[in-house]
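Trainee: okay, structure incoming, though there's no sequence with it:
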């Protein structure tokens, strides 16, 4: 998991407040603080996620919650959707109210409490833990990366390499987590696995608290604090959000004919679908957005849709692909038994190996092809991963496929991720209207949120589909969207050029 969508940077601070040391591989020591914090936070998050589906759907006799398989997969998908939705709130709170540092600290404490709750063998504590981890991750996820940006002046040549080191920490944490959490589960059951995740989050908090002195005040002050004049607008905004939540719950209740897990999944799905639509409407209708900027915004819509479909496929690593690993895969590699959660380490391992290759490739190609084509390529690879898995499952004819099949699936998806994800945030910040540049991160988070919600709905509506039919149908539909993105790429590129602020910016779209 590259977590490139977790990037971003806060406004540059005055040079005399920036940490000037080079104690951590030529970088500020504050980067070590944030590197360690994010490494162990991602360890805890991906460790918990690696075994979450298995815990939800395993029998009570085996220490699980006994939820039906389809419902468990949909719940894991909607959990991912909730994390991204809550990240929008976390980013807003950091920008306007409490600052990034407090948001990360409070989020880390809530996450740790959630993992501790998951160690208690009780369904009530388990659901509480899942909610707390989602809430805490929403507070923490968008803000650690913005603090990395605050360690550097905008002209500091170390900035890009600093982020590269930081993202390496993300992938080290997510690579190691399934191994250690899986080993703990094998020895002592699911709650031991969750306990390892809790320890990881505790280490992250220790890194963050003890390393504050190296941050040079990064994240201490909200960059755009609320003023008394802002309060009426904020009250209206929160009232609208509460009305939207209530409306989503009522519609889900009417559709499902009562309250239950499907009602919750549907309500979150409706919110995840409505949020990007509302955001685009607000941007298009805002008097602060001129015609020039609307041209750019129109170009962004196809990119957003492509990203949404991509994440719908990619984020199923913890749901349908986890089920496939457990139920439809021969769990042995080179004659040695492996646990199903270990497959979720393939993506971060592939990121570590392939990210430098792609960085070199884009430089050699002078950053060609243009952004729209990169998005189309990313979606194509994601679609092909599901088509490949469907074909392998069909050839198995009801039997189990070899472990290398899932390895290939994850590697293909990683190639797609490296085509789409790193350029996604850059495109978002480039194309967002000036008045909404500070909210560009929120807009980007809404793509994986909606993608997860789509996955949850598809999973719920296809409980009896065979793996070949399920993955094949989604893969082929995604290929159609990828083809449409390729066809629209010249139009998108023209609109990006037409909406550019300068000739130099327009020239970047080759």
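Mentor: Great, that's in hand. Fair warning: this is a prediction, and the values are worked out from it, not measured in the lab.
Trainee: what mean pLDDT does stretch 329-342 have?
Mentor: For stretch 329-342, mean pLDDT rounds to 87.
Trainee: any idea how far that stretch is from the middle of the chain?
Mentor: Here the centre of stretch 329-342 is set off from its chain's centre by 27 Å, with Cα atoms, centre = their mean, to the nearest Å.
Trainee: buried ones in it?
Mentor: Neighbour-count burial for stretch 329-342 flags 329, 330, 338, 339, 340, 341, 342 (criterion: 16 or more other Cβ atoms under 10 Å). To be clear about C-beta, it is placed using only N, CA and C from the backbone, and glycine gets the same treatment.
Trainee: in the beta-sheet assignment, what are the partners of the first one?
Mentor: Right, residue 329. Beta-bridge pairing of residue 329 under DSSP bridges involves residue 401.
Trainee: show me what contacts it?
Mentor: Shown in contact with residue 329 (Cβ atoms under 8 Å, 6 or more residues apart in numbering): 340, 343, 400, 401, 402, 403, 405, 406.
Trainee: recalculate using a threshold of 7 Å.
Mentor: Residues in contact with residue 329 (Cβ atoms under 7 Å, 6 or more residues apart in numbering) are 400, 401, 403, 406.
Trainee: look up how far residue 174 lies from the second one.
Mentor: Read that as residue 401. Residue 401 sits 24 Å away from residue 174, taking Cβ to Cβ, to the nearest Å as the criterion.
Trainee: name the nearest residue to residue 271, sequence neighbours excluded.
Mentor: Leaving aside its sequence neighbours, residue 271 sits nearest to residue 248 (Cβ to Cβ, 6 or more residues apart in numbering; 5.0 Å).
Trainee: low-confidence regions, the stretch 101-250 of the chain specifically.
Mentor: Residues of the stretch 101-250 of the chain meeting the criterion pLDDT under 70: 154-155, 160.
Trainee: could I get the full set of helices for it?
Mentor: All helices of the stretch 101-250 of the chain, identified by DSSP state H, counting those that start in this stretch, fall at 123-150, 159-188, 190-210, 231-256.
Trainee: and the first one, what's buried?
Mentor: Across helix 123-150, burial judged by 16+ other Cβ under 10 Å covers 125-130, 132-150.
Trainee: circling back: mind checking which of the helices of the stretch 101-250 of the chain is nearest residue 474?
Mentor: The closest of the helices of the stretch 101-250 of the chain to residue 474 is helix 231-256. By Cβ to Cβ, the value is 22.5 Å.
Trainee: could you point out the helix or strand that follows that closest one?
Mentor: Later in the chain than helix 231-256, the nearest helix or strand by DSSP states H and E is helix 261-285.
Trainee: what about that following helix, average pLDDT?
Mentor: For helix 261-285, the mean confidence score works out to 91.
Trainee: helices or strands up against the next helix or strand after it?
Mentor: With elements assigned by DSSP H and E, the helix or strand that comes after helix 261-285 is helix 291-314. With contacts taken as 3 or more Cβ pairs under 7 Å, 6 or more residues apart in numbering; DSSP states H and E, helix 291-314 sits against helix 261-285, helix 371-396, helix 403-431, helix 440-461, helix 467-498.
Trainee: how does it look with 6 Å?
Mentor: Secondary-structure packing of helix 291-314 (3 or more Cβ pairs under 6 Å, 6 or more residues apart in numbering; DSSP states H and E): helix 371-396, helix 403-431, helix 440-461, helix 467-498.
Trainee: can you lay out the ones you listed as JSON lines showing mean pLDDT and distance to residue 280?
Mentor: Shown next, in JSON lines, are the helices and strands packed on helix 291-314 (pLDDT from 0 to 100; distance: least, Cβ to Cβ, whole Å):
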{"stretch": "helix 371-396", "mean pLDDT": "95", "distance to residue 280": "17"}
{"stretch": "helix 403-431", "mean pLDDT": "88", "distance to residue 280": "12"}
{"stretch": "helix 440-461", "mean pLDDT": "92", "distance to residue 280": "8"}
{"stretch": "helix 467-498", "mean pLDDT": "92", "distance to residue 280": "15"}
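Trainee: can I get the ones you listed in JSON lines including distance to residue 96 and mean neighbour count?
Mentor: Converted to JSON lines, the helices and strands packed on helix 291-314 look like this (distance: least, Cβ to Cβ, whole Å; neighbours: other Cβ atoms under 10 Å):
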{"stretch": "helix 371-396", "distance to residue 96": "30", "mean neighbour count": "23"}
{"stretch": "helix 403-431", "distance to residue 96": "19", "mean neighbour count": "22"}
{"stretch": "helix 440-461", "distance to residue 96": "12", "mean neighbour count": "25"}
{"stretch": "helix 467-498", "distance to residue 96": "30", "mean neighbour count": "18"}
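Trainee: tell me which of these lies nearest to residue 288.
Mentor: Closest among the helices and strands packed on helix 291-314, using Cβ to Cβ: helix 440-461, at 14.5 Å.
Trainee: please state the offset of the closest one from the chain centre?
Mentor: Distance of helix 440-461 from the chain centroid (Cα atoms, centre = their mean) equals 10 Å.
Trainee: what residues does it touch?
Mentor: 5, 8, 73-74, 77-78, 80-81, 84-85, 87-88, 91, 142, 265, 269, 272-273, 275-276, 279, 304, 307-308, 311-312, 315-316, 425, 428-429, 432 (Cβ atoms under 6 Å, 6 or more residues apart in numbering).
Trainee: likewise for stretch 204-220?
Mentor: 17-19, 29-30, 33, 36-37, 40-41, 99-101, 108, 147, 150-151.
Trainee: let's see that with 7 Å instead.
Mentor: By Cβ under 7 Å, 6+ apart, stretch 204-220 touches 17-19, 29-30, 32-33, 36-37, 40-41, 44, 99-101, 104-105, 108-109, 112, 143, 147, 150-151.
Trainee: could you do stretch 235-246 as well?
Mentor: 271, 274.
Trainee: likewise for stretch 133-143?
Mentor: With Cβ under 7 Å, 6+ apart as the test, stretch 133-143 has contacts from 6, 8, 41, 45, 48, 79, 82-83, 86-87, 89-91, 94, 100, 103-104, 106-108, 110-111, 114-115, 219, 441, 445.
Trainee: can we see that at 6 Å?
Mentor: Under Cβ under 6 Å, 6+ apart, the answer for stretch 133-143 is 6, 82-83, 86-87, 89-91, 94, 100, 103-104, 106-108, 110-111, 114, 441.
Trainee: now do stretch 66-77
Mentor: So stretch 66-77 is contacted by 52-53, 56-57, 59-60, 261, 265, 318-320, 452, 455-456, 459-460, 463 (Cβ under 6 Å, 6+ apart).
Trainee: what's the answer for stretch 116-125, then?
Mentor: Contacts of stretch 116-125 with the rest of the structure, by Cβ under 6 Å, 6+ apart, involve 65, 126, 128, 129, 191, 194, 195, 198.
Trainee: just give the nearest non-adjacent residue to the second one, would you?
Mentor: For residue 126, ignoring the flanking residues on the chain, the nearest one in space by Cβ to Cβ, 6+ apart is residue 118 at 5.8 Å.
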